[in-house]
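1. generate a structure from the sequence data that follows.
(chains A and B)
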There are 2 protein chains.
Amino acid sequence: MDGKELAALLRAQDRILILTHKRPDGDTTGCAAGLCLALRQLGKQAWVLPNEDITPIFAPYLEGLLLPAETEPAFVVSVDIAGRSLFTPAGQVWLERGIDLAIDHHPSYEGFAKESWVEPGRAACGELILELAQALGPMTPEIATPLYVAIATDTGCFAYSNTTPATHRAAALLMETGIDTATLNKRHFRTKSWKRIQLECSLLQELELHDGGRVALAAISLALMDRLSATSADLEDVASLVGQVEGVETAVTIKEQRDGSCKLSVRTSGGLNANKVCALLGGGGHAAASGCMITGSIETAKNTILEAIHTVQAQS
Amino acid sequence: MDGKELAALLRAQDRILILTHKRPDGDTTGCAAGLCLALRQLGKQAWVLPNEDITPIFAPYLEGLLLPAETEPAFVVSVDIAGRSLFTPAGQVWLERGIDLAIDHHPSYEGFAKESWVEPGRAACGELILELAQALGPMTPEIATPLYVAIATDTGCFAYSNTTPATHRAAALLMETGIDTATLNKRHFRTKSWKRIQLECSLLQELELHDGGRVALAAISLALMDRLSATSADLEDVASLVGQVEGVETAVTIKEQRDGSCKLSVRTSGGLNANKVCALLGGGGHAAASGCMITGSIETAKNTILEAIHTVQAQS
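-> Okay, here's the model as predicted:
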């Protein structure tokens, strides 16, 4: 399926509800807003299902688009939702009643919808919604704004390895509507809360370097979280921070949990298989980014993960 | 003049020397490397003049391209050099003998060359060299790599307000040669030295907030620089850091000098005219980014700049 076929399918529908995923990010939120506005431009009734987890940074993009109470949609679309477990509680109700169309870019898409358009090679689901919106009608600054946010946030402002030439061409096209991308970039990439700054500095200044600086262990204690009144939202993407330290190839971020365990993120850039390291401790993920849980204190977690790293290093 | 006309001009030349600016950044270095390689692809002799200020992060792009001693070029091109004072000491010799062609994107270009191609609307001089290289011959990964670095570094990885649709289209075109932009982005945007981390954390943790958090004063003392064995290279773009703190509209970075004075950078995003503030103290610059010198201690500098900010605020 492509944008044109999907546009034909949607032109035949009305009263369309759009669903976003749990802990919504810029991509799912921006896709929902962009698609909703593109459908409304055609004169259709379209809404986004309210998402209880929405954060203040993304909520504004959905203003005026949310499904009012007591409204019955006729066609349900999910955007950027890869699996059944990623529906919000309110979304689960619609999953049980049946999703008509899924638009996604995750290779792990679970095939839960009647129709689907899934392209795993795309950096952001926003690239697909852009194609669809173009097939539906003229691109406007209102539609372009959330789609730019979708694409820019999912690629770390065009820095991550998922960025392709198509990503840049999509950005160019969206900018040509005259949207103020500099302000969007400042909002999403060049603004840090005071709490976040304190958190990053504590994390980095107490970093432990091992193996000649190639392995870094960073811990976030409950005491630190409490002192800063920080929540898990303040820890967004914190694991990628430790990997930025010059010379570090294996970056481990340890988050102390209230149940006496620690949650670990392992990011590697030097060839070590993070999935093998975490698998030794009952966890897993990808070769360059994996996670696991360790029962015990931060100190225990540090010793255990270091041992697992050395075991995998010795095998390879 | 455009890329095609310039290509015709260069096709008629040989033994071409390319000059970069003082304290070379990614744009001037990437342009020099890209142009040199595009000329060599035509079978021409071309070199880049060694730049004494080159830093380890940019030096690799010029490997194998530098002008050997005792070599006499016949045609001299400057890239990304806006003014006479921006030539390196070695470059000054060539400025006196005459620059044949200047390629630049600065509105302040001083017209020192016989021929010039200057487009101030371009985010990076790299966008112009890309057009020129395309007109000269096929685009290769070798040419595309330094040009991508030129464009990406001058736009803060496509985040700054100078980024245009043409910038993104240029990036798409360069990526299509198959270059590994993820590794380039990691190198230039997602790697921090241990010294830099310490410096940023000291700066941010000792930030003084005024006027309800809208004005931030950050100081870099000589004691801190000495403790970290930091040099001015470690302070690269540090002024933009303070402006990232949530809620801050006026960000002042104060660098203590060995002569008993302080060097101040003022960045504003909330409408206050930084140029007017700095002009009160004998400095100047742009409305959103200005600088000045204040004689005295960091404490004196803080009080003086705060007073100047309040004076300009009262006027507007």
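2. tally of neighbours for the residue nearest to residue A:163 when sequence neighbours are not counted?
-> In this structure, residue A:163 finds its nearest non-sequential neighbour in residue A:155, 4.6 Å apart by C-beta to C-beta, 6 or more residues apart in numbering or on different chains. Bear in mind the C-beta positions are built from the backbone N, C-alpha and C, glycine included. If you count neighbours by other C-beta atoms under 10 Å in any protein chain shown, residue A:155 ends up with 26.
3. pretty sure residue A:155 contacts residue A:125?
-> No. The criterion here is C-beta atoms under 8 Å, and residue A:155 misses it with residue A:125 at 11.8 Å.
4. who in the stretch 101-250 of chain A is up against chain B?
-> The stretch 101-250 of chain A comes close to chain B at residues A:157-161, A:163-169, A:171-173, A:175-176, A:181-182, A:185-186, A:189-194, A:197-198, A:200-201, A:204-205, A:240, A:243-246, as judged by C-beta under 8 Å from any C-beta of the partner chain.
5. helices - which of those residues land there?
-> Mapping those onto helices (DSSP state H) picks out A:165-169, A:171-173, A:175, A:181-182, A:185-186, A:189, A:194, A:197-198, A:200-201, A:204-205, A:240.
6. just the buried ones from the residues you listed?
-> With neighbours counted by 16 or more other C-beta atoms under 10 Å in any protein chain shown, those contain buried members at A:165-169, A:171-173, A:175, A:181, A:185-186, A:189, A:194, A:197-198, A:200-201, A:204, A:240.
7. now do the SS call for the spatially closest residue to residue A:231 that is not a sequence neighbour.
-> Nearest residue to residue A:231 in three dimensions, chain neighbours excluded: residue A:225, at 7.8 Å (C-beta to C-beta, 6+ apart). Put simply, residue A:225 is helix when judged by DSSP: H, G, I helix; E, B strand; the rest coil.
8. next, count neighbours for residue A:134.
-> 16.
9. how close does the closest residue to it other than its chain neighbours sit to residue A:116?
-> Closest residue to residue A:134 apart from its sequence neighbours, by C-beta to C-beta, 6+ apart: residue A:3 at 6.6 Å. Here the distance between residue A:3 and residue A:116 works out to 14 Å (C-beta to C-beta, to the nearest Å).
10. can you tell me which helix in chain A is longest?
-> Counting residues, the longest helix found in chain A (DSSP H) is helix A:298-315.
11. mind saving the C-alpha coords of that helix as CSV?
-> Extracted in CSV, the C-alpha atoms of helix A:298-315 (Å, rounded to 0.1, in the frame of the first residue of the first chain):
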residue,chain,number,x,y,z
ILE,A,298,23.5,0.1,42.7
GLU,A,299,26.9,-1.3,43.9
THR,A,300,25.7,-4.9,43.3
ALA,A,301,24.4,-3.9,39.8
LYS,A,302,27.7,-2.2,38.9
ASN,A,303,29.7,-5.3,39.8
THR,A,304,27.2,-7.7,38.1
ILE,A,305,27.0,-5.8,34.8
LEU,A,306,30.8,-5.3,34.7
GLU,A,307,31.3,-9.0,35.1
ALA,A,308,28.7,-9.7,32.3
ILE,A,309,30.5,-7.3,30.0
HIS,A,310,33.8,-9.0,30.7
THR,A,311,32.3,-12.4,30.1
VAL,A,312,31.0,-11.4,26.7
GLN,A,313,34.2,-9.6,25.8
ALA,A,314,36.1,-12.8,26.6
GLN,A,315,33.9,-14.8,24.3
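12. the strands in the stretch 201-316 of chain A, which residues?
-> Here the stretch 201-316 of chain A has its strands, by DSSP state E, counting those that start in this stretch, at A:208-210, A:215-220, A:250-256, A:261-268, A:284-285, A:289-295.
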